[in-house]
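1. Give me coordinates for this.
(one chain, ligands or ions: 1)
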Amino acid sequence: MALRRESFLPFSRPVIGQEEINELIDSIHSGWLTTGPKTAKFEEHLSIYNNVPFVRVMNSATTAQEVSLQVMDLQPGDEVITSSLTWVSTLSTIILRGGIPVLVDIDPRTLNIDPEKIEAAITPRTKGIIPVHLTGLPCDMDSIWAIAERHQLWVIEDAAQAMGASYKGKKIGSDPRSVMSIFSFHPNKNMTTGEGGAIAFHNENYLNRITRLRFHGIEKDAWKRQSKEGNLHIDVVEPARKANFMDLQAALGLHQLPRLDQFNLRRGELFKRYLRLFQDVDECRLPWEGDETFGHCFHLFVFRILPEKARLSRDEFVQALKDRNIGSGIHYRPAHLHTFYQNYYQSHPHALPPQGLPHSEWSGDRLLSLPLWPGLTEEDQDLIVNIIKDILIAASKK
Ligand SMILES: Cc1ncc(COP(=O)(O)O)c(C=O)c1O
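-> Predicted coordinates:
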């Protein structure tokens, strides 16, 4: 009988401790469930951890990204350069504000935007660049900042997957050459608040705007109006979404954040262990582990199956893993290949390079994320690797 796991193993699982649970119960008993003092404290702790003066949290990184583009005053027809190998929110938030996501191919070694291809995509309508630190591996930021400076563009980092990652020894988000950085606390991420996202930024002038854009356009600490020191007379200064962050979420975040470095250390050990265990498998392309400059936070272990060698397509491989009770993820199908974007780029052909995005498509066809989270046992990891080797041997005999 084929080697298989007894029960299904998901590709990711949050690690929630008793402290998070106790804090959550404390919030429930306190009667204060929504935005409040714990949210404010969480923002303070994030700002210290990421070494950035200002942080505002909200309901998701997607909203945070849309708010960031509103603050940058993105206008209809404005162009923003980014990569296609990302979650679609990187593109949709630009489109929702009337902008045009102009796509640049990735470097297949890192899966991140290839800086050498950025300048060819710049036009007089380009306003900014959104590098995506895919898998938790930082982009080549010095090259990106140099291009941005030369062409007077802003940089907003999509750091949804990069909590705890660093570039040249400094935490992602901490360098003021990026106007803002966006983080996600979705349950698959390296730390979670259930759902949630944050904008980290350096310019104090944005503080009130970001604060009000997440909550009805009300200035400053709207939540305090229900407390003794609060003022009942609120004032709306512009129309805005309701996308605030709850103290229930902050209760989790306050105890996830102090554990993040340890989580990431363990992720890194497991990531490097996968690399060792797969070193003799030549039907795949393994991810890069980063180095001192590119301080990986090991969010995903992206394995690329080579169908030309393995005699299995990626989708057949994913199904074979599933049949043996091993979950995996696809991060991501290149955004320009989704139905909406295929049509969109047909009517915006200048927003794709003339030669297309061959590296994004090559990797997009082959990639899958293997189980990786701090609680993954080495026993399970060995089993995953043995199952993969077994699937590859079976395919070679077809
Ligand atoms: C690269 C990237 N950007 C943005 C997001 C959006 O994050 P959220 O789910 O918090 O909106 C994700 C989430 O998976 C992501 O991976």
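
2. show me the contacts for His133.
-> Contact analysis of His133 by Cβ atoms under 8 Å, 6 or more residues apart in numbering lists Asn112, Cys139, Glu157, Asp158, Ala159, Gln161, Ala162, Ala165, Ile172. All C-beta spots, glycine's among them, are computed from the backbone N, C-alpha and C.

3. Measure how buried the nearest residue to Trp87 once chain neighbours are set aside is and give me the count.
-> Closest residue to Trp87 apart from its sequence neighbours, by Cβ to Cβ, 6 or more residues apart in numbering: Tyr332 at 5.9 Å. Counted with other Cβ atoms under 10 Å, residues neighbouring Tyr332 total 23.

4. and Tyr332, how far is that from Leu306?
-> 19 Å (Cβ to Cβ, to the nearest Å).

5. One more: Arg266?
-> 29 Å.

6. Same question for Asp114.
-> 21 Å.

7. Looking at those two, which has the bigger crowd around it?
-> Asp114 (19 against 15).

8. Who are the contact partners of that one?
-> So Asp114 contacts Val104, Asp105, Ile106, Asp107, His359 (Cβ under 8 Å, 6+ apart).

9. May I see those arranged in TSV, with secondary structure, neighbour count and distance to the ligand as well?
-> What follows is the contacts of Asp114, written out as TSV (DSSP: H, G, I helix; E, B strand; the rest coil; neighbours: other Cβ atoms under 10 Å; distance: Cβ to the nearest ligand atom, whole Å):
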residue	secondary structure	neighbour count	distance to the ligand
Val104	strand	24	15
Asp105	coil	24	17
Ile106	strand	28	13
Asp107	coil	17	16
His359	helix	20	17
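
10. how about CSV for the residues you listed, with distance to Leu286 added?
-> Shown next, in CSV, are those (distance: Cβ to Cβ, whole Å):
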residue, distance to Leu286
Val104, 24
Asp105, 21
Ile106, 16
Asp107, 15
His359, 16
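
11. coming back round to it: how is the residue nearest to Trp87 classified with respect to secondary structure?
-> coil (DSSP: H, G, I helix; E, B strand; the rest coil).

12. For it, give me its contacts.
-> So Tyr332 contacts Leu85, Thr86, Trp87, Val88, Gly364 (Cβ under 8 Å, 6+ apart).

13. what do you get for Thr123?
-> Applying Cβ under 8 Å, 6+ apart, the residues near Thr123 are Glu79, Val102, His350.

14. quick one: which of those residues is nearest to Phe8?
-> Val102 (40.2 Å; Cβ to Cβ).

15. Distance of the closest one relative to Leu357?
-> 11 Å.

16. swap in Lys242?
-> 36 Å.

17. Looking only at neighbour counts, state which of these two leads.
-> Leu357 (24 against 11).

18. so where do the strands sit in this protein?
-> 54-58, 79-83, 100-104, 126-129, 154-158, 166-167, 170-171, 180-184, 197-201, 284-285, 294-295, 301-305, 367-370 (DSSP state E).

19. ok, Arg324 - contacts?
-> Ala2, Leu3, Arg4, Arg5, Ile387, Ile391.

20. Kindly report the same for Val88.
-> Tyr332, Ala335, His338, Tyr341.

21. Phi, psi for the third one please.
-> Note on His338: its backbone torsions stand at phi -70, psi 150 [degrees, to the nearest 10].

22. how many other residues sit next to it?
-> 16.

23. I'd like the distance between the closest residue to it other than its chain neighbours and Ile156.
-> Among residues not flanking His338 along the chain, Val88 sits closest, at 6.4 Å (Cβ to Cβ, 6+ apart). Going from Val88 to Ile156 by Cβ to Cβ gives 16 Å.

24. Quick one: neighbours of Ile28, just the number.
-> 13.

25. for it, what are its contacts?
-> Taking Cβ under 8 Å, 6+ apart as the test, what Ile28 contacts is Leu248.

26. let's go with 10 Å and repeat that
-> By Cβ atoms under 10 Å, 6 or more residues apart in numbering, Ile28 lies in contact with Asp247, Leu248, Ala251.

27. List only buried entries from the residues you listed.
-> Asp247, Leu248, Ala251 (16 or more other Cβ atoms under 10 Å).

28. In helices, which of these fall?
-> Using DSSP state H, Asp247, Leu248, Ala251 are the members of those that sit in helices.

29. How many neighbouring residues does the closest residue to the last one other than its chain neighbours have?
-> It stands for Ala251. Here the nearest residue to Ala251 in space, its sequence neighbours aside, is Glu23; by Cβ to Cβ, 6+ apart that works out to 4.0 Å. Glu23 has 20 neighbours, counted by other Cβ under 10 Å.
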